[in-house]
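what follows is a predicted protein model with its sequence.
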Amino acid sequence: MLPLRGWIVACLVALVLPLPIPGGDARAQPSDASAPAESAAEALRSHHGALRRAQAGGGDVEARTQAVVDALIDYAWLTDAALRGKGGVRHGCEPRCAELEGLLARLVRRNYLRVLGGSSDGELEILGEDRKPRATRVRTRVRWSADGRTQSVDVAYVMHVVEGRWMVRDVITDGVSLAATYRHDFHRILEAKGIDGLVAQLQGKLAEVAARE
């Protein structure tokens, strides 16, 4: 669904439920009153450090890395956004809503961890932070080495406050939005095959990821 380049970049940067009630999601709207003392950029930088520490040392590196990823990505918001078609109308997912969110979370997480591999040397530079009432965009530049060459790309993280902490709800790479990509794909599949077809599609994607590991 998401181009591989988008996953590679997202993984080089250290990102960085109750399932939404049909028709709305109380968690989708952050509350300024609950905003943490640290800025969104500071939170992103902190998670970058946490991810690098998670990859160091022995033990279950994947479990530690997964915990860092899960602490920052707002799977609930992403699921709700992906189900909203044109005009913001939310597609129904009953009776498989919980299953759908679980599959999407697993797909995002497993792609993240699969592509991450040995890329813990990726360098994150915070370029700026654009604050808005409903979300904050943190602009970054990622640099990494590949085939003996240093490469870089600009990545923006759209963040909001959930229960007193910053979480990522969208990643924009080369002008491509993670949330918009899933919204487009979900809408197309739901229109053609319904919720059962969408669930089957996500199950198939997960099987593809597992086969490559």
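Perfect, thanks for sending it.

quick one: V155 is in a helix?
No. Under DSSP: H, G, I helix; E, B strand; the rest coil, V155 falls outside any helix and is assigned strand.

how much space separates it from W144?
Per CB to CB, to the nearest Å, V155 is found 12 Å from W144. No exception for glycine: its C-beta is placed from N, CA and C like everyone else's.

out of those two, which sits in the busier spot?
Taking neighbours as other CB atoms under 10 Å, V155 and W144 compare with V155 leading, 23 against 20.

and the helix ranked longest in the chain, what's buried?
Ranked by residue count under DSSP state H, the longest helix found in the chain is helix 178-212. Residues of helix 178-212 classed as buried: 178-179, 181-183, 185-187, 189-190, 195, 198-199, 201-202, 205-206, 209 (neighbour count, 16 or more other CB atoms under 10 Å).

skipping its backbone neighbours, what lies nearest the residue positioned nearest the centre of the chain in space?
Against the mean C-alpha coordinate of the chain, by CA atoms, centre = their mean, the closest residue is I73 at 4.9 Å. Leaving out its chain neighbours, the residue that sits closest to I73 by CB to CB, 6 or more residues apart in numbering is V168, at 5.4 Å.

quick one: which helix or strand includes that neighbour?
Per DSSP states H and E: V168 is located in strand 165-173.

compute the inter-axis angle for that strand and helix 178-212.
80 degrees (axes from the mean of the first three to the mean of the last three CA atoms, to 10 degrees).

show me what strand 165-173 is in contact with.
5-6, 9-10, 15-16, 36, 38, 40, 43-44, 72-74, 77-78, 81, 135-136, 153, 155-161, 177-180 (CB atoms under 8 Å, 6 or more residues apart in numbering).

so how far is A40 from the residue nearest to I73?
9 Å.

next up, phi/psi of H91, please.
phi -70, psi 140 (degrees, to the nearest 10).

helix, strand or coil for T65?
Applying three-state DSSP: T65 is helix.

surely it touches A54?
Yes. With contacts counted by CB atoms under 8 Å, T65 reaches A54, the gap being 4.7 Å.

and for the closest residue to H187 other than its chain neighbours, the neighbour number?
In this structure, H187 finds its nearest non-sequential neighbour in G85, 4.7 Å apart by CB to CB, 6+ apart. When neighbours are counted by other CB under 10 Å, G85 registers 16.

tell me what the longest helix of the chain is packed against?
helix 4-12, helix 75-82, helix 97-116, strand 165-173 (3 or more CB pairs under 8 Å, 6 or more residues apart in numbering; DSSP states H and E).

and it, how far from the chain's centre?
Put simply, helix 178-212 sits 16 Å off its chain's centre (CA atoms, centre = their mean, to the nearest Å).

where in the protein is pLDDT low?
1-35, 111-122, 213 (pLDDT under 70).

redo that, cut-off 80
1-35, 37, 55, 57-58, 85-89, 110-123, 142, 144-146, 209, 212-213 (pLDDT under 80).

give the residue farthest from the middle of it.
The chain, farthest from centre, CA atoms, centre = their mean: G148 at 28.5 Å.

distance check, that residue against E125.
Counting by CB to CB, the gap from G148 to E125 is 21 Å.

ditto for W77
Counting by CB to CB - W77 and E125 are separated by 26 Å.

who's more crowded, these two?
Neighbour totals were compared for W77 and E125, and W77 leads with 25 against 13 (other CB under 10 Å).
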